[in-house]
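[1] Requesting a structural model of the entry that follows:
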Amino acid sequence: MGYEGLRSIAWYVRRLRRSLIAGTAALLALVDPADAHPHVWVTMQSEIVYAEDGTVTEIRHRWTFDEMFSTFAVQGLDKRKKGEFSREDLAGLAQVNVESLQEYRYFTFVRSSSKRVLLQKPTNYWLDYNDGLLTLNFTLPLKTPVSAQTLSLEFYDPVGFVDFTLSERNAMKLIGAPAACKLNIRKPAAGPSTSTLSEAFFNSLTASSNWGEQFASKITIQC
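    Sure thing, here's the model as predicted:
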């Protein structure tokens, strides 16, 4: 399969969104109609990396996708060993995923003292496939290292197609942080039910709508 035929999370969201707008059934067959949103589930672990001077330099992500999306993404993908996908088998799919995530700002929103922190393109990326689940590993360097008393991070899809949930174990780590730095995770309160909302509502949302922000965990680092 050529790179142009690989199924990234961004490709999946765009294709699903177009199908919903058009009312077609090709991808809707993959979705439980009783559970309109989200359509992709990600369990995440992340590391916030500090330099020796105490500045934050990068964010390392480990995203494990749900079984349905994982199965969809590897359909038709060549593998060297029956029943298994190696990192080499998945290299093209990993590249397509990280490159396509740029349009969604990598679902990663960082602020330093209330100012937006810009991120660079992902580095050191790969995909693992274990027990039927795909896991995307990648590093997001900060455009400029940040030194701030308060750093806030949120991970979400503004239009609500993708659900990001922190792992129950080792969800967030500080790597090389000054001893005074403290990590606080505030999980979202129960939001409004999406079952009563129409697909037209979700299809009208844009990245600036920030609908998904209300369902995001709030991570704060104070140093």
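
[2] Now for Pro145: which residues touch it?
    Counting by CB atoms under 8 Å, 6 or more residues apart in numbering, Pro145 makes contact with 51, 53, 55-57. All C-beta atoms are positioned from the backbone trio N, CA, C, and that covers glycine.

[3] how about a cut-off of 6 Å?
    By CB atoms under 6 Å, 6 or more residues apart in numbering, the residues touching Pro145 are 55, 57.

[4] In a strand, it, correct?
    Yes - per DSSP: H, G, I helix; E, B strand; the rest coil, Pro145 lies within a strand segment.

[5] Check which helix or strand Val96 maps to.
    Assigned by DSSP states H and E, Val96 belongs to helix 91-100.

[6] quick one: strands adjacent to the next helix or strand after that helix?
    Moving toward the C-terminus from helix 91-100, the next helix or strand (DSSP H and E) is strand 108-112. Looking at strand 108-112 with DSSP bridges, its partner strands are strand 115-116 (antiparallel), strand 150-155 (antiparallel).

[7] pLDDT (mean, whole number) over the shortest one?
    Within the predicted structure, the mean pLDDT of strand 115-116 is 92.

[8] what's the answer for the longest one, then?
    Looking at strand 150-155 alone, the average pLDDT works out to 93.

[9] The helix or strand that comes right after it - which strands sit beside it in the sheet, and in what orientation?
    Scanning forward in sequence from strand 150-155 by DSSP H and E, the next helix or strand is strand 162-166. In the sheet, strand 162-166 lines up against strand 40-50 (parallel) (DSSP bridges).

[10] what's the following helix or strand after the partner strand?
    Next element after strand 40-50 (DSSP H and E): strand 56-65.

[11] ok, and what's touching that next one?
    42-51, 133-142, 145-146.

[12] Of the residues you listed, select the buried ones using a PyMOL command.
    One line in PyMOL is enough to select the buried members of these, burial here meaning 16 or more other CB atoms under 10 Å:
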select buried, resi 42+43+44+45+46+47+48+49+50+134+135+136+137+138+139+140+141+142+146
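
[13] OK, contacts around Ser113?
    Contacts here follow CB under 6 Å, 6+ apart; on that basis Ser113 touches Ala148.

[14] avg pLDDT for the helix holding Val96?
    Average pLDDT, helix 91-100: 87.

[15] Tell me the helices and strands packed up against it.
    Counting contacts by 3 or more CB pairs under 6 Å, 6 or more residues apart in numbering; DSSP states H and E, helix 91-100 packs against strand 123-130.
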